[in-house]
Structures are given as C-alpha cells and as structure tokens.
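# Build the 3D model from these lines:
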Amino acid sequence: MRVIVSFIVAALLSVGIAVPAYAATTRTVGAGQQYSTIQGAINASSTGDTVLVKAGTYYENIIIDGKYVTLTGEPGATIRAANQTRAVVFILHVPFNGGFNRVVVEGFTITGGNAPQGQGGGITVFDGASPDIRNNIIEGNRADQGYGGGIAVSLNSYPTIRNNIIRNNHALSGGGGIFTVNGSAPVIYGNTIENNTTSGASIANGGSSGGAIYLENFPGNASVFSYPTILNNTISGNSAIFAGGGIMVRTGVNATIEGNTISGNTAAYGGGIHMETSGSTSTIADNIITGNTAPANASFAGSGYGGGIALYDRSIVTLRSNTISGNQSSSGGAGISSAEGANSQVIGNTISGNTVVPASGGDGGGFYVANSTTTMTNNVFSSNTGHNGGGLGLLDGATATVSFNTFASNTASSGGGIFVRNVSNVSASLMNNVLANNAGYQLYEQAHRAHLRNNLLYSGGSTNLYGTSVSGPIGTEAGLNSLGDSAGNVIANPQFANLGGSDFSLTPNSGAIGLAEANPSPVVSDDIRGILRATMPRDIGAYEYETSPVAKQHVYRFWSGSKRGHFYTISKAERNQVASSYSPQEWLYESIAYDAFDTQIAGTIPLYRFYSAAFQGHFFTANAGEKDYVIATYPANVWLYEGVAYYVYP
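Reported below is the predicted structural model:
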C-alpha cells in the first residue's frame, strides 16, 4: 500500500528557505540620529535595509513603494498623521517574491489618520503588497468617506496582520478595524481588535457593517474569490449600525474564521458574525462566540436576527466545534440565524444560554432556520430561550437534517427543544436526537410533515413531551410514532452525567444507548468530542457512551500557490507557527482537512513524514516498507525521516 499525501511542498519548520543576500544597512531615525524623518530614511534605503525609529512622536504620512524594508519602532515610537486626509502608512508595489524578504512594519503606535475613499485611515496595503504588519498599536484612525478605519487592504494584496492592538478606529461604511477588498487575502492572526465602529452609510450601499472586520471581494465579479484567514484573534466591543458587529463577510469571500474569541459586539444583524456571500464558501471553527447582541433597528425592516451569527444570501458555511453562548437578539436566532437560501453544515457545536429578548417576540433561541438549508450533527443545545423553538426553530421554508444532537434545558412557549412549522413534506428530518428536560414541549411539530425517527423524548415524568396543532399534545410513545413518517421514537430517561452541570454525556443506564437506526443517514462516525462511535448499534444524541473513549484530532491543511502543493499537520502549534509566519502566498491556511489520531488505536496505521532539503518539500507514506527503503536508500539532505505525522485508517 502506498499513500502520497503531498510530494512537492516547500520547507516549513525543518529548514528555512534561502533568500537573496543583500548588503543590509540599518538607518536610525530620531533626535540627533542620522535621519530626522522616517520618510527620509525610507527614501535612502534599499531592499533589505532596516529603518530603526527611536521613541518619540513623528508627524508624517509614510509611503513604502517598491522597497522591501523593515520599519521598526522602539518602545514609545508613534507615527501621527501630518495630513489627516491620507493614510498614516501607505504600502504598495511590494508583492510576494518567493521568500522571506517582505516589508515589515512593527513596534509603532499609528494614529490620527483620516483617509479618503479607497484608503485606510491608519494603514493602507495596496496593489499586490504582501507586508508583515506586527506588534503595533493602531488606534484613533478614521475613514470618514469609506472603508477601513484602522487598516484597508486592496487590489490583490496578501499581508500578514499579526499580534497588533487595533482599537477605537471608525469607518463610515465598513471595517472600523480592518477592511479587505478586490481579491485580497490577508492573514489576520493573534490581534486584539476592540471598540471599533462603523456608522453613517446608507442602506443602499450595504449600510455600515463590519465593526471590527469587513471582508469583501471584487464588487460584481462572481468568478473571482478571495481567501482571507482570521485566526486566534480577540474581537470584542465592536459595533456596526447594520450588520456584522464583529465580522462582516460579503460576496465572493471564502473565509476561514477559526480559533477566535468574539464577544460583546453589536449590530442589527449578526452581532458577532454576519455572512451574505452570494454562494461562496466559508468555515467558522473552534471559536468562542459569546455575549454578542443583535437588537432590532427601526431603520432596517426585519432586523434583530443572529445575536451570535447571521447567515444570509446563499452563504455556504461550515460551523464546526464552536462555543456559541450568552448571545441575544430581539427578533430571532439569538445564537444563530439562517435565511435567504443560506446552506450550513453545523457540526459539533455547543450552543447554550442564548436568549431572544423579549422571549414572546422571536423564535429559535439557539438556532433559527427559515427559507434556508441546514444539516446538523453532534451539537448540544442547552438553556436557550425563544418564543417558538427554545433550542431550534425550523420555520417557513426550512430544509433540515437534524441527527445525533442533544437538546436539554431549553425554554419556549412551544417546542422547548425543537419547533417545526410549515416545512414542506420530507424537508425536515429529525433522527437520532435526545430531547430532554426542555420547557414547553420537548418537540412541537405543527403539521405532521417531518420525519421523526429514533429520537428520545423525556421531561422528568410528565406528559409534556410533544405537541401538534392537528391533534394537540400527545403523551404516549405509540402516539408519537403514529405521526407522519415516524418510527422508533421512545420516551425514556437519558440519564445524563450531570444535567445541572451541563454535562450531557451518557451514563451506563441511559435510554439513549443503542437506540440509533441500524443504518443511519447521514453516517456519523464520532461524537461531539471526536470520540469514535460504536460500529452498531450506536447511541443517539451528541454523546456516545464509551468506557474507554478514543478521540480524534483535527488535521490542518495548507496550500502553497508558489510550490503548487499541500502541507498537513496534526499539531495546532505547528499550524499557528506556519499560518502566522509565512505569507499566505507561500502557505495559505485552508482550515481543517479531516480528522486523525495522534496515538495509535486499533485499526489504524502510522503515516510517516519525510522532508527534503534538496526539493524543499515533504513526502508522506503509510507503507512501512517504503519508509524503510527511503531511509536506507537516500541521504538525509535528499529525504530526511521526520517520524510519524499521525495515525490513519488504511
């Protein structure tokens, strides 16, 4: 057996990439130094030089045009706009050149800019530029005529924006903190982005959106996409009048939003994240999305949806392993709202404590789905509150496959766990779920149109189990299985490990053990923890009962446009280092590719990894004989054995 995952892939952590040698010069700026102005030092510099700026306030508008220089500020170095109708720092014509030779801007406070349309108030990155913007404070800048109060990235640019504090910036139309557009694909990594705002634009132009970050692409060009990465940031206290208090994702953007804490942001739609991408695809994974709000705004009809996340306009989204908690909305979908043809895969999330305020006014406390499509597996919905559907509201025009989820301790007038209304025949399938201890019926299925198969319902012994507008509440197992396409449903105690402590894993006497269909569709091989499910019969709900659990790990994937190859790692630390250290044109992070194991379990085999200094690439094989042959045949500078990458099924 021979497995080649990637052949020609550039060196990552093992060996550095060689760069051209330059006679680098350090040019010092400050009182009594060689240069009195930063721009003067930049003008005198050549590619490879460093401009070192001493502490002090420099009233300038800097332009770095076509020179690969490192601009470094010592502690206390501030660049304040001399001309408040331009960006404080403008970087252009420095594209990716195949190595580590990049423009670097680090160590400054950048403030006081007020840019015209097409520029960012603090920093503008333009026309293919690929700088590394790191360890700065970018605050108090404005874009009163357009987008990008703190930073604007435009026209096929690929910057790395990492470990900065981006705060108290403002934009008229979008991107109070950061705005990207026109095919640009920045890596936004490890930043604190807080208290940025957008306000003032008319609804005809999309309103004022993206309080912290606004991601857009070529306007009107549906054939061109951008691939921005938002990874490991803290995004808090930002606000937008219209949509996306934290993050706004628009047309033609295939975004990866991963590992962030998104909290306390506000907008009329999508307090934390708002997506309306007209058919492009994004991934939202491993984030903590908490305490965001979507209050209704009288200026925007139908607003007040998506306290945590709002999905609109045919957006195609994977929501994986997020914690979405404590968010609020006025109209519906306090945790998540989906409408306008959005299509979501919702996998392994914890959705808890989200509230529609007032509860009498809106549906879907945890998740609101109307006129859109969702497939949901391995999620936990707990302690959410809404009018109809405390955990989940499947409403007019919803198409949903809901399987292997747990709904517990949610509250609603109708359907504390799940509410189903006016879905068409066969458009809603509820299979292999646990619905327990919810207030206001475990399940309210209005018109007998949903598939109800192999679900467990429990409400502490009362008959308040499920309801229907056709025949009223029914409290018997036989009655439930007589509704529409229903079979295999039971009334039993799920025996959670700790209901009050929100531990919904199963104990040995749980009624959910072994209740799954013989051939469930979709097939779900693991549970919310990544623990493998039994071959058959499987347990239902988000948790599989296992005495010796084995959990899978994410395998992360990168793509190199310059090397035309992929790189894979199971190490989150390695993922973070590569994503934050390399230009996205060198290594673009593509999110989670699949799952594997970091230790060997029954039925798996090791995947071996080699590195080649000669080819600047990695080679993977699952064949032990081939591994031994390569070690014995090739010198280490051609193929160096790096050990087991991870363990996989044959």
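
# Distance of Arg102 relative to Asn164?
16 Å (Cβ to Cβ, to the nearest Å). Where you see a C-beta, it was placed from the backbone N, CA and C, and this is true even at glycine.

# which other residues reach the strand or helix carrying His554?
Using DSSP states H and E, His554 maps to strand 553-560. Under the contact criterion Cβ atoms under 8 Å, 6 or more residues apart in numbering, strand 553-560 has outside partners 9-10, 530, 565-570, 572, 575, 578-579, 586-598, 646.

# just for the stretch 251-400 of the chain, where's the confidence low?
For the stretch 251-400 of the chain, the stretches with pLDDT under 70 are 359-360.

# Spatially nearest residue to Asn438 (excluding sequence neighbours)?
Gly416 (3.1 Å; Cβ to Cβ, 6 or more residues apart in numbering).

# Please read the previous query as pertaining to Asn238.
Per Cβ to Cβ, 6+ apart, closest to Asn238 is Gly211, 3.4 Å.

# give the contact list for the residue nearest to Asn438.
Counting by Cβ under 8 Å, 6+ apart, Gly416 makes contact with 390-391, 407, 410, 438-442.

# Can I get these in JSON lines including secondary structure?
Formatted as JSON lines, the contacts of Gly416 follow (DSSP: H, G, I helix; E, B strand; the rest coil):
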{"residue": "Gly390", "secondary structure": "coil"}
{"residue": "Gly391", "secondary structure": "coil"}
{"residue": "Phe407", "secondary structure": "strand"}
{"residue": "Asn410", "secondary structure": "coil"}
{"residue": "Asn438", "secondary structure": "coil"}
{"residue": "Ala439", "secondary structure": "strand"}
{"residue": "Gly440", "secondary structure": "coil"}
{"residue": "Tyr441", "secondary structure": "coil"}
{"residue": "Gln442", "secondary structure": "coil"}
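
# ok, so of these, who is nearest Arg314?
Gly391 (25.3 Å; Cβ to Cβ).

# Need the contact partners of stretch 25-41.
With Cβ under 8 Å, 6+ apart as the test, stretch 25-41 has contacts from 44-46, 49-56, 58, 60, 62-63, 71, 79.

# Buried by neighbour count, from these: which ones?
The neighbour count (16 or more other Cβ atoms under 10 Å) marks 45, 49-54, 58, 60, 62-63, 71, 79 as buried among those.

# Between all of these, which two are separated the most?
Lys54 and Ile63 (20.6 Å).

# thought the residue nearest to Asn238 was touching Glu194?
No: between Gly211 and Glu194 there is no contact under Cβ atoms under 8 Å: 9.9 Å.

# so which strand or helix has Ala41?
Assessed by DSSP H and E, Ala41 sits inside helix 38-44.

# Direction included, what does the following helix or strand past that helix pair against?
Sequence-wise, the next helix or strand downstream of helix 38-44 (DSSP H and E) is strand 50-53. The pairing partners recorded for strand 50-53 under DSSP bridges are strand 26-29 (parallel), strand 70-73 (parallel).

# Counting by contacts, list what the helix or strand following strand 50-53 packs against.
Sequence-wise, the next helix or strand downstream of strand 50-53 (DSSP H and E) is strand 56-59. Secondary-structure packing of strand 56-59 (3 or more Cβ pairs under 8 Å, 6 or more residues apart in numbering; DSSP states H and E): strand 77-80.

# So what are the sheet partners of the strand it packs on and their directions?
Strand 77-80 is paired, per DSSP bridges, with strand 56-59 (parallel), strand 109-111 (parallel).

# Now tabulate those strands in CSV and tack on mean pLDDT and distance to Gly348.
Listed next are those as CSV, based on pLDDT from 0 to 100; distance: least, Cβ to Cβ, whole Å:
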stretch, mean pLDDT, distance to Gly348
strand 56-59, 98, 49
strand 109-111, 98, 39
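
# Quick check: which of those strands has the most neighbours on average?
Mean neighbours per residue, mean count of other Cβ atoms under 10 Å, is largest over the strands paired with strand 77-80 for strand 109-111, with a mean of 24.

# List the buried residues for stretch 423-436?
Neighbour counts over stretch 423-436 (16+ other Cβ under 10 Å) mark 423, 427-436 as buried.

# And the residues you listed, which is closest to Val402?
Among these, Leu430 lies closest to Val402 (Cβ to Cβ), at 4.9 Å.

# gap between that closest one and Gly307?
Taking Cβ to Cβ, one finds Leu430 at 24 Å from Gly307.

# for Thr507, same thing?
Per Cβ to Cβ, Thr507 is found 33 Å from Gly307.

# So those two - more neighbours on which side?
Gly307 (39 against 14; other Cβ atoms under 10 Å).

# got a list of what the more buried one touches?
271-272, 292-294, 327-329, 333-335, 354.

# switch the cut-off to 6 Å
Residues near Gly307 by Cβ atoms under 6 Å, 6 or more residues apart in numbering: 271, 292-294, 327-329, 334.

# Count the neighbours of the closest residue to it other than its chain neighbours for me.
Residue nearest to Gly307 in three dimensions, not counting chain neighbours: Asn327, with 3.4 Å by Cβ to Cβ, 6+ apart. By other Cβ under 10 Å, the residues close to Asn327 number 33.

# Quick check: phi and psi on Asn327?
Asn327 adopts backbone torsions of phi -90, psi 160, taken as degrees, to the nearest 10.

# Tell me if I'm right that it and Asn354 touch.
Yes: Asn327 lies in contact with Asn354 (Cβ atoms under 6 Å); the separation is 4.8 Å.

# which residues are in contact with both of those two?
Common neighbours of Asn327 and Asn354 (Cβ under 6 Å, 6+ apart) are 334-335.

# picking up where we left off before, name only those of the contacts of strand 553-560 that count as buried.
9-10, 530, 565-570, 575, 578-579, 586-592, 595-597, 646.

# out of the residues you listed, which are inside helices?
575, 578-579 (DSSP state H).

# now stretch 34-47: mean pLDDT?
The average pLDDT for stretch 34-47 rounds to 97.

# ignore the last one, stretch 620-638
94.

# list the buried ones in it?
620-623, 626-627, 630.
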